[in-house]
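S.K.: this one's sequence-less:
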């Protein structure tokens, strides 16, 4: 939950119905491996993009033929189980294709001018995860989809707040340029790790935006019944807990990257059960 890569997936959680745990793992394997192609190792951008195009070709083969045509062992290892999950639950291929588009975007786009542009990125990089989960849960009414989008966008943006220093070292800034300018924060300040009052004001505004999105999406945890609903409520509480930790260190993510630890889980569970 907003901690690293695609840990937004509640992978193999005991709270998930046994019938869909393998499907969640299949989706996670696809997203995680594609994310690693875009983000890990020393491959040149063209090599990364070529590999992601191979992923897209395999995905389109599933859509058109219902099977994986590639002879590549790594691709077959990812896509053959995924094809079974897509068929079993009639998962929209477009959502998986959106994830690939986001990974391709990670290779070429390093800055976002506006909040709208960043939210559009989250629409492809994060929101498909929640929508895929809702398809597994068989709950795809409009309200649930909209609330899921709010939660996923919030979790992605919380992760951006945690990872400012990490992303900077990768040449990326996921804070909207319009907000940096409004608060008088420069990229030179990010490079220097200067958490002054301007930085605090910027991050507090970003944090509040995430909190509002999480609160907007909270009813989803009640609409989904049983253990699934509790899973969603825990994920939301995880995002809120990270925001609390960011505020506790006064948003100085250059020296302390707030993360969830074992002692946070009882707090989150009490809040999730009580909501």
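M.R.: Cool, got the structure. Quick caveat, the model's predicted, so the values are computed rather than measured. Numbers count the residues shown, from 1 in each chain.
S.K.: Helix or strand: which one has the residue lying farthest from the centre of the chain?
M.R.: For the chain, the residue at maximal distance from the C-alpha centroid (Cα atoms, centre = their mean) is residue 71, at 30.0 Å. For residue 71, there is no enclosing helix or strand under DSSP states H and E.
S.K.: Please shift the residue numbers so they start at 43 in all later answers.
M.R.: Fine by me, first position is 43 from now on; the one you just mentioned is residue 113.
S.K.: State the pLDDT value of it.
M.R.: pLDDT for residue 113: 89.
S.K.: What does it show for phi and psi?
M.R.: When read as degrees, to the nearest 10, the backbone of residue 113 gives phi -100, psi 0.
S.K.: Residue 96 versus that one, what's the distance?
M.R.: Computed as Cβ to Cβ, to the nearest Å, the residue 113 to residue 96 distance reads 11 Å. (C-beta placed from N, C-alpha, C; glycine too.)
S.K.: do the same with residue 287
M.R.: When residue 287 is compared with residue 96 (using Cβ to Cβ), they lie 39 Å apart.
S.K.: try residue 192
M.R.: 33 Å.
S.K.: Of those two, which one has the most company?
M.R.: It is residue 192, of residue 192 and residue 96, that has more neighbours when counted by other Cβ atoms under 10 Å, with 22 against 15.
S.K.: isn't the more buried one right up against residue 258?
M.R.: Yes - shown here, residue 192 and residue 258 form a contact pair, counting by Cβ atoms under 8 Å, at 4.5 Å.
S.K.: Give me the pLDDT for residue 51.
M.R.: 47.
S.K.: on that earlier part again, give the contact list for the residue farthest from the centre of the chain.
M.R.: Going by Cβ atoms under 8 Å, 6 or more residues apart in numbering, residue 113 touches no other residue.
S.K.: cool, and residue 229?
M.R.: 215, 222.
S.K.: let's see it at 10 Å
M.R.: Shown in contact with residue 229 (Cβ atoms under 10 Å, 6 or more residues apart in numbering): 153, 210, 215, 217, 219, 222.
S.K.: just checking, next helix/strand downstream of the helix or strand encompassing residue 256?
M.R.: Residue 256 belongs to helix 239-259 when assigned by DSSP H and E. Going down the chain from helix 239-259, the next helix or strand is helix 261-265, by DSSP H and E.
S.K.: buried set for that following helix?
M.R.: Residues of helix 261-265 classed as buried by neighbour count (16 or more other Cβ atoms under 10 Å): 262-263.
S.K.: these two touch, right, residue 141 and residue 79?
M.R.: No - look at residue 141 against residue 79 with Cβ atoms under 10 Å: they stay out of range, at 11.7 Å.
S.K.: For the closest residue to residue 157 other than its chain neighbours, give me the backbone phi and psi.
M.R.: Distance criterion Cβ to Cβ, 6 or more residues apart in numbering; nearest residue to residue 157, sequence neighbours excluded, is residue 218 at 4.9 Å. Torsion angles at residue 218 (phi, psi; degrees, to the nearest 10) stand at phi -60, psi 130.
S.K.: Near residue 218, how many residues? Count them for me, please.
M.R.: 21.
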